[in-house]
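**Student:** Provided below are the primary sequence and the corresponding predicted coordinates.
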Amino acid sequence: MINIKTQVGIIGAGPSGMVLANWLKKLGISAVVLELRSREYVEGRVRAGLVEQNTKDILKELGLDERMKKEGVVHDGVYLSFDEERVHIPFGQLTGGRTISIYGQQEITKDLTDAWLQGGETLYFETKATKIADFNTKNPKIHFIKDGEEGIVECDFVAACDGFHGIGRKTLPKKSFQSYDITYPFSWLGILANVAPSTDELIYSYHKNGFGLHSLRSETVSRLYLQVDNGDSLDNWSDDRIWSELSTRLGTPGWELEEGPIFEKGITPMRSHMIDTLRSGRLLLAGDAAHIVPPTGGKGMNLAIADVKHMVDAFVHFYKKNSETLLESYTDTALRRIWRAQDFSNFMTKLFHKQDEHGSFAYRLQKAKFDYIKVSKAGKTTIAENYVGLPFNTF
Ligand code: RFL
Ligand code: PHB
């Protein structure tokens, strides 16, 4: 039997769990992390790439942004395209200098994990948290299994940073929350390719064939996405078909998409999911454990890290000021930002995906929104300030 005592027991070594662990360490609060998967699996999982200003500021404050500053790419704007017409949204100008960066989520997680382990801290990979117990007392416990051996983390608080399939949400008392779900009638086919990006900034595009997104990872690697039907299979998408469709959907007169070898392909369903409680006693949830947004706004990882900021504030008040006030308000504080991001992600999803026949009423409304954004500074500012993320002192 493995027995560990710490102040905060963290389940999950994704971005939320690892930001929390490193932040607590900086503040002198002890933590241990349990992670179901192997280190190779977590660091190889291709996911987000868009890093909001708030997230950049947090990584800077933790002193863990060195590699992101070197290898990440700062973006001061984004292109929105509709029926082959493109408009530019300049972030800095519209938001007082706030920007986003493109830097892979797995690179952020790697930087955070390296720092944690190099500092001699505890992180058990391939370790399954099986039960969260006694979270309505002052001594909650996480039961786990590592290499076939049972263990217990005894702690003051449990932070469930364990993603959509974790045990945190399942442990919350059923009657303590309401859940909300939307399943969109389309999915994303995403690729990584060894080719220089054909654009200096991301392009989100509505086309009569469906949505397309041109993102990137570096000067030599591009990340692109296509709207496909739910249930569609990669078998139906040869590399040639993918490039041809991307080229059509992202195309504008006088612009060409460069093609290159594809080295990673995947299909992701699109959904919104929410619960309206992030805490029960001494169990607190953060990130995908409590909410999923469709990826069109690039918000998932950023929102997970924003939850952690509010959680850290609550722990600091508890440990340094002997106050439970911010623990009590954790759910409400986090939910204001989460609902804002749900709305923005839903807005971007509906604006750029093909939802009905080209030319239908739904299409006309999409086009009317785009035409407004095109001519209106207010319309562009709404996109810009949501996209780079509202500052923490807004809510
Ligand atoms: P994670 O990253 O899912 O980490 C949870 C961790 O918990 C572990 N775990 C357990 N460990 C121990 N015991 C158990 N019982 C456990 N159960 C689970 C898991 O193995 C895992 O390692 O959650 P976290 O930290 O909340 O982070 C959330 C983000 O990963 C997610 O929101 C983003 O990737 C979403 N997302 C994007 N977010 C952005 O901010 N910007 C983007 O550009 C962006 N693009 C995307 C995305 C997600 C995508 N997919 C594949 C869903 C693009 C895509 C295609
Ligand atoms: C990505 O680079 O993976 C990415 C960028 C923007 C999004 C979603 C994903 O909205």
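**Tutor:** Done, it's in. Ligands and ions are numbered 1, 2, ... in the order given.

**Student:** rest of the way, CA atoms for contacts and neighbours
**Tutor:** OK.

**Student:** following the helix or strand hosting Glu245, which helix or strand comes up?
**Tutor:** Here Glu245 sits within helix 239-250, counting by DSSP states H and E. Sequence-wise, the next helix or strand downstream of helix 239-250 (DSSP H and E) is strand 262-275.

**Student:** least confident secondary structure element in this protein?
**Tutor:** helix 39-44 (a mean of 93; mean pLDDT, DSSP states H and E).

**Student:** which residues are contacting that helix?
**Tutor:** Ala13, Gly14, Gln106, Glu107, Thr109, Lys110, Phe125 (Cα atoms under 8 Å, 6 or more residues apart in numbering).

**Student:** tally of neighbours for Ala133?
**Tutor:** Number of residues near Ala133 (other Cα atoms under 10 Å) recorded here: 16.

**Student:** so who does it touch?
**Tutor:** Pro140, Lys141, Ile142, His143.

**Student:** measure Ile11 to Lys131 for me?
**Tutor:** To Lys131, Ile11 is 11 Å away according to Cα to Cα, to the nearest Å.

**Student:** repeat for Leu283
**Tutor:** 12 Å.

**Student:** more crowded one of these two?
**Tutor:** The neighbour comparison of Leu283 against Lys131 (other Cα under 10 Å) goes to Leu283, with 24 against 14.

**Student:** now do the same contact list for Glu324.
**Tutor:** Neighbours of Glu324 in contact, by Cα under 8 Å, 6+ apart: Ala314, His317, Phe318.

**Student:** up against ligand 2, what does this protein have?
**Tutor:** Ala48, Gly49, Leu50, Ser215, Leu216, Arg223, Pro295, Thr296, Gly297, Gly298 (Cα under 6 Å from any ligand atom).

**Student:** top of those by neighbour count?
**Tutor:** Leu50 (30 neighbours).

**Student:** show me what it is bridged to.
**Tutor:** Here Leu50 sits in beta bridges with Ile102, going by DSSP bridges.

**Student:** is it in contact with Ile100, as I believe?
**Tutor:** Yes. Contact criterion Cα atoms under 8 Å: Leu50 and Ile100 qualify, at 6.8 Å.

**Student:** joint contacts of those two?
**Tutor:** What both Leu50 and Ile100 touch, as defined by Cα under 8 Å, 6+ apart, is an empty set.

**Student:** and the helices in the stretch 1-150 of the chain, which stretches?
**Tutor:** 15-26, 39-44, 53-61, 66-71, 91-95, 105-118 (DSSP state H, counting those that start in this stretch).

**Student:** chain center to stretch 129-149: distance?
**Tutor:** Distance of stretch 129-149 from its chain centroid, counting by Cα atoms, centre = their mean, to the nearest Å, is 27 Å.

**Student:** try stretch 163-173
**Tutor:** On Cα atoms, centre = their mean, the centre of stretch 163-173 falls 18 Å from that of its chain.

**Student:** and it, how far apart are its ends?
**Tutor:** Using Cα to Cα, one end of stretch 163-173 lies 18 Å from the other.
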